[in-house]
Structures are given as C-alpha cells and as structure tokens.
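Chemist: give me coordinates for this.
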Amino acid sequence: MSPAPLILWFRRDLRLGDLPALDAAVASGRPVIPVFLLDEVAEAYGAAPKWRLAEAVAHHGDRLAGKGSRLILRRGRALDGLQALIAETGAEAVFWTRLYDPASRKRDEDVKAALKARGIEARSFPGHVLFEPWEVETGEGSFYKVYSPFWRAVRGREVRPPLRAPARLPVPDRWPGSDRLEDWAMGAAMRRGAAVVAKHARVGEDRARDRLHDFLDRKVAEYRQGRDYPARDVTSGLSENLAWGEISPGTIWHAARAAMDRAGLAEGAEHFLKELVWRDFAWHLLHHTPHIADRNWREDWDAFPWRRDNAQAERWRRGMTGERFVDAAMREMFVTGTMHNRARMVVASYLTKHLLTDWRVGLRWFEDCLTDWDPASNALNWQWVAGSGPDAAPYFRVFNPAGQAEKFDGAGQYLNRWIAEGQARPPGTALDFFRACPVSWGLDPAQDYPDPAIDLREGRERALAAYRRG
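Modeler: Numbers count the residues shown, from 1 in each chain. Presented below is the predicted three-dimensional model:
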C-alpha cells in the first residue's frame, strides 16, 4: 500500500521552484496533494488582488498538471477545508509556507494547533522572505526599527541557494474532488476593469523569471539613476510576482548578486537588492509590531487631526484632483494594477499632507486596486510617507506634485501617457482609464480637466501647522 498522502497547502507561494515546503513534501516519499483554499484570509482581499490571485491560481494549476499532478480547490474556512480533505484522503500531514501578517498568523496558528491535537503532522516552512523575522536582531537582541542598520545587518549574510523545481510530484492513488475556479468568480468586483488590467499582468513563474532576466540583462545598469523617473522603463516589475510568490526572493537575490560581478552593473544591482531587502524589512516590522497594519505605529500620532474620508479624498481616488502628477499616478494604478514607486510616494504625500486625510483611507484604496498588493509593504510605505510609522519621512517633507513632475517628468511623457483630457489624440493608456473606471463615476475623456482640489502652498502650510500642533 502507498503511504498516507501529504497535503501541500499553497497560499501566496504559487510556484514550483525554490519552495522549501514542496521540496520537503516530495522528499518525504508520500503522495502529495496540492491544495489551494479560498479561505477567510483570501476572501477578505480587495478587488484587484483577488482577481490577480485567481489568475495566479489558474496558472499554477496548469503548471502542476504539467508535472503530472493537479491543484485541488476548496472554498471555506481553512481549518474546515483541511479537515474535510484529511477525512476524504487519509492524509496524515499538511505542509505550507509561512506568512507573517496578523490574519494569516492567526489562521495558521489555529490550524496547526487543531491538526496537531488530532495527531496530524502540521509543518510550516520559510520561503516568503529572505530572512525569517526572528532571525535578524540588533546587538541588544531586539528587532530593527530603522531600515539602514537592518540592511547593514543582512547585506553580507548567506542566503540559501534556490531549490530546483521537482521533475515530477508523487500522486495519490485517488484524488479528492475539486471546486471549479471559474465558479468562484474571484474577479467579479473588478467588473469591466478586469479586461483592461489583464493586458498589463504578467502571470506565473515563467513570466516572473523572464522579467528578472530581462531586468538584469537590459535595465539594471540604469536602475539607480533612472528608477525615480516614471516614464523610463528601468524597473523590474517583479513586485507583482513577488506578491503572489510566483518567484522567490532568494531566486532574485542570487541573480542580482551574480549581476554585481558583471562590469558596469554593480551599483544598479546593489541598489535593487536594497529594495528587495526593504520588502523584508516591511515583513520584519509587521511580524514584530502587527499593529502597523491598521494603527499608527507611533502612538503619539493617535491625537493627530487626520480627516476621515471626504470629498477631496474621493477626487483623489478617481484621479480627478487637478494635480496632473497625482492624477496620472492614480489612473496608472487603475489601468495597470500597479504604480511607479516615485508616484506612490507623491500620491500618498498629497493625500495625507495636502489633504490631511488619514493614511488608512489611502491604504484601503491601494489594497483594493493593486495587483502587487503586499500587506507589509503597503502598511509600512503609507506610514512612512504619512510620518506615523517607523523610520518615517520627517513631518516637514511634503512632496510638491508640481515640483515632482517638473523634476522627474520634465517632458511630460508620464503625464501624457495617463491623462487624456486636453490631448487631441490621447494614447490608449490614457483612454483605458475611462474604459476601466466605474460607469457610476460618469467620467469622459472629452470633459475638461478639473481645477485643483486645493492650492498646493495652502495645503502644505496647513499640513505643517497641523504637524507642529500635533
């Protein structure tokens, strides 16, 4: 008789290469039943992340089929789904990759405790970050609260070489039943926007690796100098694939480290590694201070007079603030599911400082619109710009959208790419915003471009006054 099978529970690790949980599952000699659960954590995702997750799951299922296996789909509470599968298959073990956000940690702790109480082997593995959050400590044995010393602490550390994808997966004698992905309608909340965003998504492990190689072959030499210019094609785009685990951070780390030895690439490759480690830093903080996800990291900011959601914030969401750089960025996100990093800082500063609106209003909108949504990076970056987070930008750093546009998009290429109003022949990228946005917004590219929601100088002075009082 075959040994009892093992359930391999996929979540935000939808790949076959460099996946310790998968490697251990195959090495166990047991038949492996790959499973994805649309559970209480995934059900709570916003519109764009949930749509993008469905795309990743579909692609991963195809990859598993190519290995002679299959991906079993179930919907419902994670513990219930796993227990049902254990009862149906006789599985005696469940393996998964660790996550560190509060919702995932609670789910996983409950699952592990319940399964172990039943005598089921329940094991979690690394793979989502470069360094486990508890493995990086200060000299005093505490966690890092500032990025620069965190980077210095890990830059010389050894990162495990990437694991090869298995040639085949051992399969059970009998497969359990599976839901159909299309029946879940995970993209329903995207409505007509899904078809627009789909043109820009690069789904799956193969596309992720292509992106990495393209970046290191063609772009990395210009990365440090050019990454702040949103019209330039010098960034990797890998945040989309990292978010869903279609490529491991370790794979990226080793490829970039190898690039540092190539002539002319060392500076760009090292700066790219710093951005990869910033992602680790975000997860490090989310693990040690989980309140960063929804509360001011600095408690002394609790009394700050943030405005709640308001009409100006709605103009910001719709890309209709009258500030062209802000609106271009917000429209880019609605069309592509991503936004250039420089633009993310500008729109976050404008919302939290010029409009004095609570950073959580912006965080929730990004959570709904980004296909590269990452709960740790999203929380850290919003609080960094707002000033309420660790290692935050000083209160007096108020990005001027007009000045940022002049400095980083002097020729207006980025603005013209995303704002149709006033152009005799606007490009398809700008028109796609009107094809993707809700009909209820009543927007039309032939309409006049809006007047500014607020005078930039007035908004800056109001913000500084509030910060001084706070």
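
Chemist: partner strands of whichever strand in the chain runs longest and their direction?
Modeler: Of all segments of type strand in the chain, defined using DSSP state E, the longest is strand 32-38. Partners of strand 32-38 in the sheet, by DSSP bridges, are strand 6-10 (parallel), strand 72-75 (parallel).

Chemist: if we go by neighbour counts, what in the helix or strand following it is buried?
Modeler: Downstream of strand 32-38, the first helix or strand assigned by DSSP states H and E is helix 47-66. If you call a residue buried by 16 or more other C-beta atoms under 10 Å, then helix 47-66 has these buried ones: 47-61, 63-64. Where C-beta positions appear, they are placed from N, C-alpha and C, glycine not excepted.

Chemist: the stretch 51-200 of the chain: helices as residue ranges?
Modeler: 78-89, 102-117, 147-154, 181-184, 193-198 (DSSP state H, counting those that start in this stretch).

Chemist: residue contacts, residue 138?
Modeler: 144, 149, 153 (C-beta atoms under 8 Å, 6 or more residues apart in numbering).

Chemist: export those residues to a markdown table and tack on pLDDT, distance to residue 299 and neighbour count?
Modeler: Shown next, in a markdown table, are the contacts of residue 138 (pLDDT from 0 to 100; distance: C-beta to C-beta, whole Å; neighbours: other C-beta atoms under 10 Å):
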| residue | pLDDT | distance to residue 299 | neighbour count |
| --- | --- | --- | --- |
| 144 | 97 | 19 | 22 |
| 149 | 97 | 22 | 13 |
| 153 | 97 | 26 | 16 |
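
Chemist: distance to residue 444 added to the residues you listed, as a markdown table?
Modeler: As requested, the contacts of residue 138 are arranged in a markdown table below (distance: C-beta to C-beta, whole Å):
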| residue | distance to residue 444 |
| --- | --- |
| 144 | 49 |
| 149 | 51 |
| 153 | 53 |
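
Chemist: name the nearest of these relative to residue 352.
Modeler: residue 144 (24.3 Å; C-beta to C-beta).

Chemist: list the contacts of the closest residue to that closest one other than its chain neighbours.
Modeler: Computed as C-beta to C-beta, 6 or more residues apart in numbering, the closest residue to residue 144 that is not its neighbour in sequence is residue 150, at 4.0 Å. Residues near residue 150 by C-beta under 8 Å, 6+ apart: 136, 144, 277, 280, 281, 284.

Chemist: is it true that the fifth one touches residue 381?
Modeler: Meaning residue 281. No - Residue 281 is beyond contact range of residue 381, at 10.9 Å (criterion: C-beta atoms under 8 Å).

Chemist: what is the neighbour count of residue 143?
Modeler: 16 (other C-beta atoms under 10 Å).

Chemist: can you list the domains in the chain?
Modeler: 1-127, 129-157+203-288, 299-469 (automatic domain parsing).

Chemist: am I right that residue 264 falls within a helix?
Modeler: No - secondary structure of residue 264 (DSSP: H, G, I helix; E, B strand; the rest coil): coil, not part of a helix.

Chemist: is it true that it touches residue 223?
Modeler: No - Residue 264 is beyond contact range of residue 223, at 11.6 Å (criterion: C-beta under 8 Å).
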